[in-house]
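got a predicted structure plus its sequence, pasted below:
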Amino acid sequence: MHMEIGRRIFRQRLETGDRDGDIEQRRAFQKLVYVSTLVFGEASKFLLPWKRVFRVTDSQVEVAVRDNAQRLYAFKLKSVGRDVDVNQLVSLREAQLSCLLSDELAEDMFKEHTRKLVEENISTALSILKSRTRAVRGATQVVEELNKALAFNNLLISLKNHPDAGRFACGVGPISLMGGEYDGDRKMDDLKLLYRAYVADSLSSGRMEENKLAALNQLKNIFGLGKRETEGIMLDVTSKAYRKRLAQSVSGGDLEAADSKAAFLQNLCDELHFDPKKASEIHEEIYRQKLQQCVADGELNEEDVAILLRLRVMLCVPQQTVEAAHADICGSLFEKVVKDAIASGIDGYDDDVKKSVRKAAHGLRLTREAAMSIASTAVRKIFINYVKRSRAAGNRIEAAKELKKMIAFNSLVVTELVADIKGESSDAASEEPIKEEEVQIEEDDDWDSLETLRKIKPREKLTAKLGRRGGQTEITLKDDLPERERTDLYKTYLLFCLTGEVTKIPFGAQITTKKDDSEYLLLNQLGGILGLTDKEIVEVHRSLAEQAFRQQAEVILADGQLTKARIEQLNEVQKQVGLPPQYAQKVIKNITTTKMAAAIETAVSQGRLNIKQIRELKEASVDLDSMLSESLRENVFKKTVDEMFSSGTGEFDGEEVYEKIPLDLNINAEKAKGVVHELARTRLSNSLIQAVSLLRQRNSSGVVSSLNDLLACDKAVPSEPLSWEVTEELADLFAIYMKSDPAPEKLSRLQYLLGISDSTAVTLREMGDRVLQIGTEEEFVF
């Protein structure tokens with residue numbers, strides 16, 4: 001019967017010409033396959049040959065069963081609402097099994113159905129929230145819709161934990177919007193709006209209940225919001241609620257009447273579940289806003305101070321936070337006043353400017369340290385600009401003029417500014433440092449030894465002549481410029497004081513304007529601006545005087561010789577430049593030592609300096625190690641050893657060569673020993689060749705000297721017997737050496753080295769001169 005119905009449907013499908021009819025017949029055939037499967041069960045696979053008769057694959061049969069089962073189960077799901085109960089879930093499970101629907105598909109379909117129910121609530125809530133004509137109860141209706149969704153979610157969670165949950169339909173559990181209409185970045189903003197509305201409603205009573213926190217957590221999970229997003233929304237809404245509660249407490253007097261303000265504020269945070277650190281930030285912001293209102297007129301009067309103190313006590317604002325707020329807000333106002341005062345320049349710092357500075361410094365209730373710090377920052381920027389212009393100047397005179405402008409700015413503007421900040425008279429402020437400096441200067445002997453240093457001391461007559469006050473020294477460039485740069489700037493102006501100002505006139509001529517001691521007083525002020533210590537100032541003056549003395553001393557001591565006339569000439573130069581005697585002697589010693597070092601190095605290079613002369617120089621306390629490089633000292637050692645091996649004496653003192661000479665030359669003893677061995681091996685063979693050559697030239701004395709050199713090399717590096725092609729010549733060498741009446745040990749060692757047997761040696765000793773005659777005749781015949 002089933003197969004006949006299938007054939008009829010198949011024929012109708014072939015007879016149908018349109019596409020819609022084909023689809024309808026296909027669905028009818030799938031329903032037949034599904035019904036047959038339900039009727040026959042597993043036996044349908046061999047009772048109904050769909051594949052053989054209708055060319056239908058197993059996959060197509062599975063698809064037909066799955067699609068029809070889903071349609072039946074979806075029809076059953078339509079009866080499930082937000083009030084689903086245990087009986088409905090059990091019947092759904094039975095329907096799923098009877099429809100032959102897999103658990104995975106049943107779970108997905110159930111979750112999708114519950115998600116759509118929640119999406120309906122969300123859509124309704126969003127339409128109310130975004131409606132322009134929202135009624136007064138609009139927010140309440142939004143919360144009601146969200147509560148419905150939360151209630152449905154709670155019901156599903158409770159059913160999931162039911163003891164008979166194994167009999168329920170698959171997919172019972174918490175709801176998630178993932179995979180639905182609101183799963184996407186575009187819809188996330190709408191979900192955030194709903195979450196914000198629910199948080200605001202939870203705080204509408206002025207406190208956050210525990211059940212509301214649980215509901216918000218579930219809502220976060222349903223919406224799929226992240227922790228950072230929800231915390232940001234909670235912080236924003238809770239901050240507004242906290243501000244509102246705080247304003248009510250202040251205006252109602254509850255906070256001020258509380259015995260413990262901190263406990264009251266902590267209780268407020270606990271009721272709202274608000275972070276106390278965030279509350280402290282709100283307190284600081286409120287205090288800053290109030291402070292800005294109070295300083296709107298440029299100062300803080302007693303009433304403002306009292307209001308701020310009352311607010312600080314009520315909000316428990318720490319002292320450190322208060323100081324930071326005052327330094328920031330009042331400091332910015334004071335900084336503007338200071339910049340305006342500095343911008344007025346040397347001629348514009350009048351009584352009105354002084355009055356505004358004093359008003360800002362004391363009216364804004366800044367501490368002296370804070371006010372001086374602000375003024376220091378602004379002033380140092382101006383100082384740096386002067387320094388930059390001085391660096392960019394074309395010559396030393398122009399550079400010194402820029403520094404002179406900086407000194408005038410410091411004396412006429414910055415000094416007055418510092419005095420106004422402190423509320424003191426500028427005369428009193430400038431006189432005291434001068435007295436202290438005089439006391440300090442008098443304690444240093446170096447100040448009296450240099451003429452230029454004595455000139456920078458402030459003296460009463462000179463100060464009265466100039467009509468100027470000393471400059472302030474509290475604001476300096478000590479931390480802005482490195483010491484080297486600060487001393488270079490000081491040296492630039494010192495040279496200007498020494499040389500004077502050069503004025504060019506027609507025809508290429510120049511006129512040097514003579515400077516009086518007033519420039520040195522300005523130099524003293526420049527040292528204070530640059531933050532130089534007395535020791536650094538003394539060092540600059542001394543180095544400049546030493547430089548001038550060195551230039552003239554090098555000319556006088558061009559050959560390195562120091563005579564009585566030259567000493568008198570150098571003393572005169574020393575007095576002219578004002579250099580202390582101990583430093584002058586140091587320069588003279590340095591020059592003579594340098595000249596001597598050059599001469600010694602030249603002598604070593606030319607081979608005119610031996611070890612005996614070097615020892616005499618060391619006894620005279622001459623530091624040869626610093627004058628001669630190690631390579632030159634090694635060359636001296638090599639030359640000394642070579643001379644020892646070629647002296648013709650046959651002597652070699654191991655202690656002298658291996659220990660004393662390396663110690664005198666300050667070279668490595670092991671390295672020196674290696675040099676000796678290398679020279680000895682080379683000279684040993686060369687000495688034998690030289691001895692034979694001298695034998696052939698009939699130079700008996702030369703033969704003896706060469707053999708002695710050979711014995712000296714053998715003492716340094718003991719050798720094996722030597723070989724020579726003409727043995728008769730070796731016998732002649734031995735005979736000649738034997739005739740020179742040498743020491744027995746030398747003769748014995750030479751016999752061994754030349755390979756002369758004892759019998760041959762005895763024969764040669766008996767024959768005496770006859771050997772030499774025969775050897776001579778043979779050589780002549782040859």
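Perfect, I can see it now. Numbers count the residues shown, from 1 in each chain.

so the nearest residue to residue 404 once chain neighbours are set aside versus residue 686, what's the distance?
In this structure, residue 404 finds its nearest non-sequential neighbour in residue 522, 6.5 Å apart by Cβ to Cβ, 6 or more residues apart in numbering. Bear in mind the C-beta positions are built from the backbone N, C-alpha and C, glycine included. Here residue 522 is placed at a distance of 77 Å from residue 686 (Cβ to Cβ, to the nearest Å).

of these two, who's got more company?
residue 522 (22 against 16; other Cβ atoms under 10 Å).

now residue 645. Nearest residue, chain neighbours left out?
residue 683 is the one closest to residue 645 (Cβ to Cβ, 6+ apart), at 4.5 Å.

how is the residue nearest to residue 404 assigned, secondary-structure-wise?
helix (DSSP: H, G, I helix; E, B strand; the rest coil).

is it true that it touches residue 405?
No - judged on Cβ atoms under 8 Å, residue 522 makes no contact with residue 405 at a distance of 10.8 Å.

so residue 217, which state does it fall into?
Residue 217 - assigned by three-state DSSP - is helix.

nope, residue 647 is what I was after
coil.

OK, contacts around the residue nearest to residue 404?
Residues in contact with residue 522, defined by Cβ atoms under 8 Å, 6 or more residues apart in numbering, are 404, 407, 493.

which of the residues you listed fall within helices?
404, 407, 493 (DSSP state H).

neighbours around the first one, how many?
The one in question is residue 404. Residue 404, neighbours per other Cβ under 10 Å, totals 18.

from residue 532, how far out is it?
17 Å.

how about the contacts of residue 522 in a markdown table, adding pLDDT and distance to residue 126?
Listed next are the contacts of residue 522 as a markdown table, based on pLDDT from 0 to 100; distance: Cβ to Cβ, whole Å:
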| residue | pLDDT | distance to residue 126 |
| --- | --- | --- |
| 404 | 90 | 76 |
| 407 | 91 | 74 |
| 493 | 86 | 77 |
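
from the residues you listed, which is closest to residue 313?
residue 407 (49.3 Å; Cβ to Cβ).

hang on, that closest one packs against residue 530?
No - taking Cβ under 8 Å as the definition, residue 407 is not a contact partner of residue 530, at 10.4 Å.

the more surrounded of the two?
residue 530 (26 against 21).

distance of the more buried one from residue 380?
11 Å.

common neighbours of the two, please.
residue 477.

could you give me the average pLDDT of the helix or strand where residue 680 lies?
Per DSSP states H and E: residue 680 is located in helix 669-696. Mean per-residue pLDDT for helix 669-696: 86.

next: stretch 309-319.
Stretch 309-319 comes out at a mean pLDDT of 90.

just how off-centre is it within its chain?
With Cα atoms, centre = their mean, to the nearest Å as the basis, stretch 309-319 stands 40 Å off its chain's centre.

list of residues touching it?
Counting by Cβ under 8 Å, 6+ apart, 250, 255-256, 261-262, 265, 283-284, 286-287, 290, 322 sit against stretch 309-319.

ok, now stretch 81-95?
By Cβ under 8 Å, 6+ apart, stretch 81-95 touches 72-73, 76-77, 79-80, 110, 117, 148, 151-152, 155-156, 159, 162, 164, 167-170, 172.

now do 10 Å
If you take Cβ atoms under 10 Å, 6 or more residues apart in numbering as the criterion, stretch 81-95 is touched by 69, 72-73, 75-77, 79-80, 101, 103, 106, 109-110, 113-114, 117-118, 120-121, 148-149, 151-153, 155-156, 159, 162, 164-172.

buried subset of the residues you listed, written for PyMOL?
Of the contacts of stretch 81-95, the buried ones go into a single PyMOL selection, burial set by 16 or more other Cβ atoms under 10 Å:
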select buried, resi 69+72+73+76+77+80+101+106+109+110+113+114+117+118+121+148+149+152+153+155+156+159+168+169+170+171+172
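
so which of the contacts of stretch 81-95 are in helices?
69, 72-73, 75-77, 103, 106, 109-110, 113-114, 117-118, 120-121, 148-149, 151-153, 155-156, 159.

contacting residues for residue 220?
Going by Cβ under 10 Å, 6+ apart, the list of residues near residue 220 reads 191, 195, 198, 226-227, 229-231, 233-234.

again, but for residue 101
Applying Cβ under 10 Å, 6+ apart, the residues near residue 101 are 65-66, 68-70, 72-74, 76, 95, 109, 170.

swap in residue 333?
Taking Cβ under 10 Å, 6+ apart, one finds 292, 295-296, 298-299, 360, 363-364, 366, 374 in contact with residue 333.

can you check the pLDDT for it?
89.

in this protein, which spans are strands?
501-505, 509-513 (DSSP state E).

let's test this: mean pLDDT of the first one, rounded?
What it means is strand 501-505. 60.

I'd say residue 656 and residue 644 touch.
Yes - with contact defined as Cβ atoms under 10 Å, residue 656 counts as touching residue 644 (8.7 Å).

quick one, which of the two is more surrounded?
A side-by-side neighbour count of residue 656 and residue 644, using other Cβ under 10 Å, places residue 644 first with 24 against 13.

is the more buried one in contact with residue 657, as I believe?
Yes - contact status for residue 644 versus residue 657: in contact at 7.1 Å, counting by Cβ under 10 Å.

list the residues that contact both of those two?
The contact lists of residue 644 and residue 657 share 676, 716, where a contact means Cβ under 10 Å, 6+ apart.
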